[in-house]
Every structure is written in C-alpha cells, then in structure tokens.
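Novice: Only the shape, not the letters, is given here:
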C-alpha cells in the first residue's frame, strides 16, 4: 500500500526522533564514568567513612549525618570522650540527597545506636535527588549507583541531565587519555585511600593542606581544619526559609521509612537543628517562625523526637568561616557543647533505660 505524503512525512519524523533518542541514550551510557570536573574528594571521603562504620558495626554508637555543617561543625571525639559512646560523623556535603545520607549507614546499624540528623534547612525542601550537582557526581565517580537503579529511576535520572553535560562527558571519554587534567582525576583504589589515611592518622605531624580532602578527616570523620572563606553574597534569606512550607514526597517519605526501619531495629533517631548565623536568620520573623514551626510539626507527626529549638543553635557571624554553615574552631566547640548538652539530657538516658530493660 502506498503511503500518502503526510503519512510518509510523519513516519520520517517519527523515525528521526527514534534514531535521535537512541543515539542520545547511547552517548549518555557511553560517557558514564567520564572523568569530568567534579568533587572527587567526596569519593575518597566516603570510602573512609564507610570504613569507620564497619569498624564500629557491632558496637552501640552515636552517628551524625548531614552536609558540611556537620562535617565542619561537630567534634565527635569530644562527644565520644564526654559521653563514653563511640561517635562517628558522616557529614560531608549539603548536595548529597537525604536517601544517600540515610541509606549509607543502614547496613551498619545495630540495636542501641543513636542517629542524630542535624540536617541543613535546604534538605527539608528536597523534591528529587537528581539535581545537576548530584547527577554529575554519580556519572563521574559513582556510576555503579546509576546501574543499580530500577528502570523507572534510570529514566528519571537520564531526563534530569542536561544534554550539555552529556556532551562534556563524551568529549572527556574520547580525549581523556590525551589530557593531563583528566588523567589526574583517576579514582584511587579503596586500599590506597585507606592506607594513606591510616598513615596520616599515625603521623603526629600530619597537617592537611586542603579543607576539602579525605586527608582532612579525623578518625571520627570530623574535619581537621577550617580556614577563612570568602563570604558569599546572599539576597533575601540564604537558608531558604522565607518561602511557604511545602512537603515534598521524596524527602518526607524517605525520612519516614528510615525512621520506621531504625525504630524496629532498636535504633534511636533524633532530628537536630543546624548551626545558623543570627545575622542571616531572624527566627523572630513571623513568616520564618511559621515555616520552622511547620517543619517541626511535620517531624513530630512522624514520631521523631527533636533535640532543642532552632534558636539554640544560632551563633554570631564571627563563629563562621564565611560560609553560612561552616563554623570556625571556636564555633565548632560551642556548637558541640550545645549539642552534647541535649544529647546527654535526652538521648543517652533513654538509651540506658532501653538497655536495662533487655
């Protein structure tokens, strides 16, 4: 049967779209693992922190997880010293989505553990894990994450990536062997990472030369050093609390599922508030107060206890390095003291009570 010109035209368009889609998908899959610009130190640091979790897998412990506000703002060694409970800080980067923060510790949890989530305020608005930042990290140094997704999630992932990023990945894959900058991004083996960090910890004269490096980790997962950073310019409220409160399904369902799983395994879970700059976050503002109260109410509705109030963890600007979440050494000491006060008052007595009843 002879097709009419309009039918032939539509068939040609459909075939062109199909071929184009297949070519794009092929390019996308080809460039997975291309060593483009990304935060490779996170790959190294995650290897170290997984080792810390494995080391304490069979022991009751305190675990903190959040973004860099926890990494730079908590002294886990001091908390361990004063509480008598092994303490690990999993904090690294605010861009790591909540399901990563929670799922990475699940295999290592044991009855009696205390998990504290001083999540940055931005997390409470997460509608999807597939941000430009996150997908870029996955495609460069953790492509196994993508391959393990089910088909629906793979499609969501692919759709979230800009074509420009795919092109950059293809070029890096094609030309990588000829570019020194690309070759220097080659991933270290877990064995090399762990050998180097152990050597650093065994060296009393070790002083890391970079803030954002796996060699800037203590044996508890905290950052060793902080340095002054250029103050970022912000318009409006930098903590994104001046917007009407929303309840994105991704964040809240992830948190709820984790809490239910943890509670069933005899693990205590607490929400804590991140350190914030008084000058940048006016909690007396009716609109901001309303938003924070809505978050707290939602957390309590899930049955998750909260340590303190947001105002308990506000500090003067000189306690920060320049970033609204990065504390100086003095700020870190003060923030740790305030957290520990509430942990000792609320979480640890409950732990001892639970242990005595078994």
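Specialist: Thanks, I have the structure now. What you see is a predicted model; the values in this text were computed from it and never measured.

Novice: Name all residues that make contact with residue 217.
Specialist: Shown in contact with residue 217 (Cβ atoms under 8 Å, 6 or more residues apart in numbering): 45, 48-49, 197, 223-224. Any C-beta I mention is one placed from the backbone N, CA and C, and that applies to glycine too.

Novice: got the contact list for the helix or strand hosting residue 181?
Specialist: Assigning secondary structure by DSSP states H and E places residue 181 in helix 180-183. The contact list for helix 180-183 (Cβ under 8 Å, 6+ apart) reads 35-36, 172, 175-177.

Novice: which among these end up buried?
Specialist: The neighbour count (16 or more other Cβ atoms under 10 Å) marks 35-36, 172, 176 as buried among those.

Novice: Residue ranges in the stretch 101-250 of the chain under the pLDDT threshold?
Specialist: Scanning the stretch 101-250 of the chain with the threshold set as pLDDT under 70 gives 177-178, 232.

Novice: Put together a markdown table for the contacts of helix 180-183, with secondary structure on each row.
Specialist: Shown next, in a markdown table, are the contacts of helix 180-183 (DSSP: H, G, I helix; E, B strand; the rest coil):
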| residue | secondary structure |
| --- | --- |
| 35 | coil |
| 36 | coil |
| 172 | helix |
| 175 | helix |
| 176 | helix |
| 177 | helix |
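
Novice: Next, give me the two most distant ones among these.
Specialist: The span of these, defined through Cβ to Cβ, is set by 36 and 177 at 14.5 Å.

Novice: Wait, a helix at residue 312?
Specialist: Yes - if the criterion is three-state DSSP, then residue 312 is within a helix.

Novice: which residues touch the residue lying closest to it once chain neighbours are set aside?
Specialist: Nearest residue to residue 312 in three dimensions, chain neighbours excluded: residue 338, at 6.0 Å (Cβ to Cβ, 6 or more residues apart in numbering). Remark: with contacts taken as Cβ under 8 Å, 6+ apart, residue 338 is in contact with 308, 312-313.

Novice: Most neighbours out of those residues, which is it?
Specialist: Within the contacts of residue 338, residue 313 tops the neighbour count with 21 neighbours, counted by other Cβ atoms under 10 Å.

Novice: OK, contacts around that residue?
Specialist: Residues in contact with residue 313 (Cβ under 8 Å, 6+ apart) are 118, 272-276, 335, 338-339.

Novice: Okay, it and residue 66: tell me how far apart.
Specialist: 12 Å (Cβ to Cβ, to the nearest Å).

Novice: Overlap of the contact sets of those two?
Specialist: Between them, residue 313 and residue 66 share these contacting residues under Cβ under 8 Å, 6+ apart: 118, 274.

Novice: can you give me phi and psi for residue 62?
Specialist: As for residue 62, its main-chain torsions (degrees, to the nearest 10) stand at phi -100, psi 130.

Novice: returning to what we had before: any idea which helix or strand comes after the helix holding residue 181?
Specialist: helix 190-201.

Novice: what's in contact with that next one?
Specialist: Helix 190-201 has contacts (Cβ under 8 Å, 6+ apart) with 44, 47-48, 51, 188, 206, 208, 214-215, 217-219.

Novice: Tell me the one among these nearest to residue 346.
Specialist: The shortest gap between residue 346 and any of those belongs to residue 218, at 25.5 Å (Cβ to Cβ).

Novice: Name all residues that make contact with the closest one.
Specialist: 76-77, 201, 224.

Novice: out of the residues you listed, which is most surrounded?
Specialist: Sorting the contacts of residue 218 by how many neighbours each has (other Cβ under 10 Å) puts residue 76 first, at 24 neighbours.

Novice: List the residues that contact it.
Specialist: 62, 64, 87-89, 218, 220-222.

Novice: if we can go back for a sec, tabulate the contacts of helix 180-183 in CSV, adding columns for distance to residue 261.
Specialist: As requested, these are exported to CSV (distance: Cβ to Cβ, whole Å):
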residue, distance to residue 261
35, 35
36, 35
172, 39
175, 45
176, 41
177, 45
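
Novice: The protein: strands as residue ranges?
Specialist: Listed in chain order, the strands of the chain (DSSP state E) span 62-64, 87-89, 114-117, 268-272, 276-277, 306-307, 314-315.
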